[in-house]
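Asks: What follows is a predicted structure for the sequence shown.
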Amino acid sequence: DAEITQSPRHKITETGRQVTLACHQTWNHNNMFWYRQDLGHGLRLIHYSYGVQDTNKGEVSDGYSVSRSNTEDLPLTLESAASSQTSVYFCASSTGTGGPGELFFGEGSRLTVL
Amino acid sequence: GQQVMQIPQYQHVQEGEDFTTYCNSSTTLSNIQWYKQRPGGHPVFLIQLVKSGEVKKQKRLTFQFGEAKKNSSLHITATQTTDVGTYFCAGSGSGYALNFGKGTSLLVTP
């Protein structure tokens, strides 16, 4: 069955370190998204991509970057982790032909920055 | 930028009572979607509404999209303990990126 997987599921890191969260989907979806979820803030969009070599900034993109070298993967990189980036990160994908379409979410990656 | 506001933030009901969550956007939306997230889980798609004034039903759940396409609601009739979770609305304008509301956390007491 097609799926979307995130890794690692849990990560503890130190302030200033570079961290990369992986997201891999096997639906061949064009659209991929990264959200962070914090208590009281719901889901906030970090970055998104509509296809290979396409990336766009979302609402809270500062301190994060993404790259889309193939259809299946959209890794999220924190160049220099900060305590404010402690959060649960969700990757999602959609077909998005003619509209946003249903988002399929991964299981989430819980990141703690000490 | 586009903002999606959702109320209430929390709702605690007795099993069998009805529940409604409301979503309002500062701008006209091309469509609105609803998701449910169980505690410890990930958001799961419930439905998408695209037409002005649209009403859709899924068993005990009724979804509405306002005439001006700026507001929406989710109504659950006769809640059950399996309805526990956080319900999110998410809207998009001209693009495919969805902006989520902060969600309504529903607690159902038996």
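Replies: Structure's in. What do you need?
Asks: neighbouring contacts of the top strand by length along chain A?
Replies: Longest strand in chain A by number of residues, with DSSP state E as the criterion: strand A:42-51. The contact list for strand A:42-51 (CB atoms under 8 Å, 6 or more residues apart in numbering or on different chains) reads A:30-38, A:55-61, A:64-66, A:68, A:71, A:74, A:76, A:89-90, A:96, B:6, B:43, B:88, B:90, B:96-103. (Glycine included, C-beta is placed from N, CA and C.)
Asks: Just the CA atoms of it, as PDB, please.
Replies: Output of strand A:42-51 as PDB, limited to C-alpha atoms (Å, rounded to 0.1, in the frame of the first residue of the first chain):
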ATOM      1  CA  GLY A  42      -2.700  24.300  15.700                       C
ATOM      2  CA  LEU A  43      -0.900  23.400  12.500                       C
ATOM      3  CA  ARG A  44       1.300  26.000  10.900                       C
ATOM      4  CA  LEU A  45       2.700  25.700   7.400                       C
ATOM      5  CA  ILE A  46       6.500  25.800   7.100                       C
ATOM      6  CA  HIS A  47       7.400  25.000   3.500                       C
ATOM      7  CA  TYR A  48       5.700  23.300   0.600                       C
ATOM      8  CA  SER A  49       6.400  22.000  -2.900                       C
ATOM      9  CA  TYR A  50       4.300  21.600  -6.000                       C
ATOM     10  CA  GLY A  51       6.800  19.400  -7.800                       C
END
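Asks: picking up where we left off before, what subset of the contacts of strand A:42-51 is buried?
Replies: Buried members of these, counted by 16 or more other CB atoms under 10 Å in any protein chain shown: A:30-37, A:55, A:58-61, A:64, A:66, A:68, A:71, A:74, A:76, A:89-90, A:96, B:6, B:43, B:88, B:90, B:96-103.
Asks: I'd like to know which residues of chain A are adjacent to chain B.
Replies: Proximity of chain A to chain B is confined to A:31, A:33, A:35, A:40-45, A:48, A:50, A:56, A:58-59, A:90, A:92, A:94, A:96, A:99-108 under the rule CB under 8 Å from any CB of the partner chain.
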